[in-house]
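Asks: Turn this into a model:
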Amino acid sequence: MEGQFGCSYERPARHIREYLTALRPLLRGEYVEYRGQTLTAVGQSAAPGATPPSVLVSAVGPAMLRIAGELADGTVTVWTTPETVADYIGPTLTRAASAAGRPVPRIVATVVASVTADVGGVRQQVADQMGFAAQFASYRSMFDRQRMSGLHETVVAGDETAVARAVRRYAAAGVTELLVSPVGSEKDVMRTIGLLASVRDET
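Replies: Purely as a prediction, here's the structure:
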């Protein structure tokens, strides 16, 4: 936010609340005159005949989840387990949506997965490539909640049976859409894609 986009990350929940307050009516083609502490939006963007798109917020902290439930159509999570979705993310999001009179929210979970015989190697690969994310406070708090040292522990890896079981656990936890990033060797990636296609066809 700060280094790449030049936006202050001092109070992200306040910023996303103001952003959504201005954005949602604009997407409906309505005139907006909004002046907040972090942004100003004045004008209208009309596209006759267009349907407003669904708006999802990347949220894992309680404040952001409440805002997503109140003002957006759901959330996109990252590096969360099925148990975390079922016990924390889903209930927090749904309570906020219900209190705001909004429909049941979408929960889009992003998962790193591999059908592989080298579970340790795959997890080390993910740790080497993306382990730095555990340094960010919002992700660190999520790993602490899940009693994990880093994101490599969230990788879904193993044989076809183990990975298929994990995918079904996300669905049972309330995930409406699962975004899977296959990792590992070329063979592992192809096996993972094949498994995901077969699981999808079952549902």
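Asks: From now on I want contacts and neighbour counts done on CA atoms only, so please keep to that.
Replies: Will do.
Asks: Report the secondary structure state of residue 126.
Replies: For residue 126, the assignment made with DSSP: H, G, I helix; E, B strand; the rest coil gives helix.
Asks: what's the closest non-adjacent residue to it?
Replies: Among residues not flanking residue 126 along the chain, residue 152 sits closest, at 5.7 Å (C-alpha to C-alpha, 6 or more residues apart in numbering).
Asks: if I read this right, residue 193 contacts residue 180, doesn't it?
Replies: No. Counting by C-alpha atoms under 8 Å, residue 193 sits too far from residue 180 to count as a contact (9.2 Å).
Asks: Now do the phi/psi pair for the residue nearest to residue 126.
Replies: Backbone dihedrals for residue 152, given as degrees, to the nearest 10, come out at phi -60, psi -30.
Asks: Report the contact partners of it.
Replies: 123-124, 126-127, 131 (C-alpha atoms under 8 Å, 6 or more residues apart in numbering).
Asks: Please report the distance of it from residue 4.
Replies: Computed as C-alpha to C-alpha, to the nearest Å, the residue 152 to residue 4 distance reads 25 Å.
Asks: Same check on residue 46?
Replies: For residue 46, the distance to residue 4 - C-alpha to C-alpha - is 30 Å.
Asks: the more surrounded of those two?
Replies: Legend: neighbour count by other C-alpha atoms under 10 Å for residue 46 and residue 4, higher for residue 46 (13 against 6).
Asks: Tell me if I am right that the more buried one is in a helix.
Replies: No. Using three-state DSSP, the secondary structure at residue 46 is coil, not a helix.
Asks: which residue packs closest to it, ignoring adjacent ones?
Replies: Residue 46 sits nearest to residue 29 (C-alpha to C-alpha, 6+ apart), 4.6 Å away.
Asks: What's the local residue count around that neighbour?
Replies: 17.
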